[in-house]
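Colleague: give me the fold of what follows.
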Amino acid sequence: MTKRDILTYTSGHDPMPASWEERLKDQVYNTAKLHAALDALRTDGIETDHAFAGTGLSLKAIEDEQFRVSPLQILKAFKNISDRKWDPYLPYRIGSNVHLSAYGLYGYALLCSTCYRETVAFATKYHYLAAPTVEMKFIFDEQEEGWDIEPIAADQVDQQFYAFLVCLQMGIHRSLHRDVIGPGFQPHLLELRFGEEAFYRIPEEAASEIRMGANRNRFHISGDWVYRKLELGNELTFKQIVQICDKELSELVEHGGVAGQVRRALLENAAFASSMDAIAQHLGLTSRTLRRHLKQENKTFSEIVDSTRAELALRYLRSDELSTEEIAYVLGFSETASFVRAFKRWTGKTPKTYRMSFAA
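Modeller: As a prediction, the model looks like this:
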């Protein structure tokens, strides 16, 4: 398998967007995958400093839950780990440590979906919010249902690293499916494009059958799972979270644009109670110019504030560090009751109910 083969193979996927290489540089993703990697290394008694070489990152920086990294930084850290060749099963174990709780709104929406086909449709549309380094597509073929997976690794891909990334994603897929479907889930077949000569591989117990040297990477799902109803889902909450994700995805697709700048200004300055005039001044614009730019991007200032508040509210409620009253204050609500009403509009649940269900 040549480097060119890896980069051009799309397994029936739509071509990679021309702007994707630029988006690889955007620091908009959380550090969940990096933490999963570091935890796996520590479990094996392996030092972790080498993972940060050439990334511009540090352990102290990524310990901040608000800190964001780019796909290129994630890839570089994984490349550093891959090059050491400590354990052939390491990337799969790293992936197995990743759970939906690390994916913010995206993960919460998947947990709220009511059937697997609905989960597939959502994950296919929004996976850039959570999986910036792979292309994914679900294939609905009789007896062949499953996820086709192909890493997007730009010029960093070599055969060994390619196998590392595929094993990593297969581990993530199995872990996330168990979060959604239940701990008893097991794929009946995994197909891998790399052969037996690859250093990195997947443990035999990961699936009923593993085929190496295939013409695709596919995580197969048996038909009875595809049409099964998911008992833990909530249709109303799912629809509301999808609306929020629509706004988040549009910002990524447009490189953030002015809407992305507004969102960053809100986050960096905790300025949720600020007026549009104040944010415009912070960005070096007039209110009229800011409004015009947002209109061109089909956005409004109030929509950006609302979606950003919603994302942070979910994140803060998953932690016990802040009370509901403190979260309301941080997010710029004049009173806790206003925050409770807003949260119920976003998710269909009260903050207390959401926090209790997440803790459970």
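
Colleague: now for the helix ranked longest in the chain, which elements pack on it?
Modeller: The helix that spans the most residues within the chain, counting by DSSP state H, is helix 159-181. Judged by 3 or more C-beta pairs under 8 Å, 6 or more residues apart in numbering; DSSP states H and E, helix 159-181 is in contact with helix 71-84, helix 90-96, helix 104-112, helix 116-126, strand 146-151, strand 218-220. From N, CA and C alone the C-beta is placed, and that goes for glycine too.

Colleague: and the ones you listed, which one averages the lowest pLDDT?
Modeller: Lowest mean pLDDT of those: helix 104-112, a mean of 78.

Colleague: helices or strands next to that helix in the packing?
Modeller: So helix 104-112, by 3+ C-beta pairs under 8 Å, 6+ apart, packs with helix 116-126, helix 159-181, helix 235-253, helix 301-317.

Colleague: contact partners of it?
Modeller: 30, 99-101, 103, 119, 122-123, 126, 129-130, 176, 179-180, 232-234, 237-238, 241-242, 244-245, 248, 310-311, 314-315 (C-beta atoms under 8 Å, 6 or more residues apart in numbering).

Colleague: between it and helix 301-317, how big is the angle?
Modeller: Relative orientation of helix 104-112 versus helix 301-317 (axes from the mean of the first three to the mean of the last three C-alpha atoms, to 10 degrees): 70 degrees.

Colleague: how far away from the center of its chain is helix 104-112?
Modeller: 10 Å (C-alpha atoms, centre = their mean, to the nearest Å).

Colleague: stretch 188-205 now?
Modeller: Worked out by C-alpha atoms, centre = their mean, stretch 188-205 lies 24 Å from the chain centre.

Colleague: give me the buried positions along that stretch.
Modeller: The neighbour-count check on stretch 188-205 (16 or more other C-beta atoms under 10 Å) flags 189, 190, 191, 192, 193, 194, 198, 200, 201, 202 as buried.

Colleague: ok, stretch 55-64 next?
Modeller: In stretch 55-64, counting by 16+ other C-beta under 10 Å, buried: 55, 57, 62.

Colleague: test my guess that the second one contacts residue 73.
Modeller: Yes - taking C-beta atoms under 8 Å as the definition, residue 57 is a contact partner of residue 73 at 5.9 Å.

Colleague: circling back to that earlier point, out of the buried residues of stretch 55-64, which one has the weakest pLDDT?
Modeller: Out of the buried residues of stretch 55-64, that is residue 62, at 88.

Colleague: SS state for residue 137?
Modeller: What DSSP: H, G, I helix; E, B strand; the rest coil gives for residue 137 is strand.

Colleague: and it, what's its pLDDT?
Modeller: Note for residue 137: predicted pLDDT of 85.

Colleague: same deal with residue 101?
Modeller: 78.

Colleague: doesn't it lie inside a helix?
Modeller: Yes - checked against three-state DSSP, residue 101 lies within a helix.

Colleague: residue 319 is in contact with that one, correct?
Modeller: No - between residue 101 and residue 319 there is no contact under C-beta under 8 Å: 10.8 Å.

Colleague: give me the low-pLDDT residue ranges for this structure?
Modeller: 1-28, 65-66, 105, 128-132, 142-143, 153-157, 245-256, 268-271, 321, 358-360 (pLDDT under 70).

Colleague: can you give me the domain boundaries for it?
Modeller: Here the domain parsing of the chain from automatic domain parsing is 3-226, 256-359.

Colleague: returning to what we had before: would you convert the helices and strands packed on helix 104-112 into a markdown table that also reports mean neighbour count and distance to residue 264?
Modeller: Compiled in a markdown table, those are given as follows (neighbours: other C-beta atoms under 10 Å; distance: least, C-beta to C-beta, whole Å):
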| stretch | mean neighbour count | distance to residue 264 |
| --- | --- | --- |
| helix 116-126 | 18 | 20 |
| helix 159-181 | 23 | 27 |
| helix 235-253 | 18 | 10 |
| helix 301-317 | 20 | 9 |
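
Colleague: let me see the ranges of the strands in the stretch 201-350 of the chain.
Modeller: 210-211, 218-220 (DSSP state E, counting those that start in this stretch).

Colleague: possible to save the ones you listed as JSON lines with distance to residue 349 and mean neighbour count?
Modeller: Below are the strands of the stretch 201-350 of the chain laid out as JSON lines (distance: least, C-beta to C-beta, whole Å; neighbours: other C-beta atoms under 10 Å):
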{"stretch": "strand 210-211", "distance to residue 349": "40", "mean neighbour count": "16"}
{"stretch": "strand 218-220", "distance to residue 349": "31", "mean neighbour count": "22"}
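
Colleague: mind putting those into TSV with distance to residue 287?
Modeller: Formatted as TSV, those follow (distance: least, C-beta to C-beta, whole Å):
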stretch	distance to residue 287
strand 210-211	59
strand 218-220	49
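
Colleague: these: which one's closest to residue 151?
Modeller: strand 218-220 (13.5 Å; C-beta to C-beta).

Colleague: tell me the strands beside that closest one, with direction?
Modeller: Strand pairing for strand 218-220, using DSSP bridges, gives strand 146-151 (antiparallel), strand 190-191 (antiparallel).

Colleague: next one: that strand to chain centre, how far?
Modeller: Centre to centre, stretch against its chain (C-alpha atoms, centre = their mean), the figure for strand 218-220 is 19 Å.

Colleague: do stretch 189-207 as well
Modeller: 24 Å.

Colleague: and the end-to-end length of it?
Modeller: Between the opening and closing residues of stretch 189-207 there is a gap of 6 Å (C-alpha to C-alpha, to the nearest Å).

Colleague: mind listing residues that contact it?
Modeller: Here stretch 189-207 has contacts from 1, 9, 82, 85, 88-92, 146, 159-160, 162-164, 166-167, 170-171, 174, 186-188, 208-220, using C-beta under 8 Å, 6+ apart.
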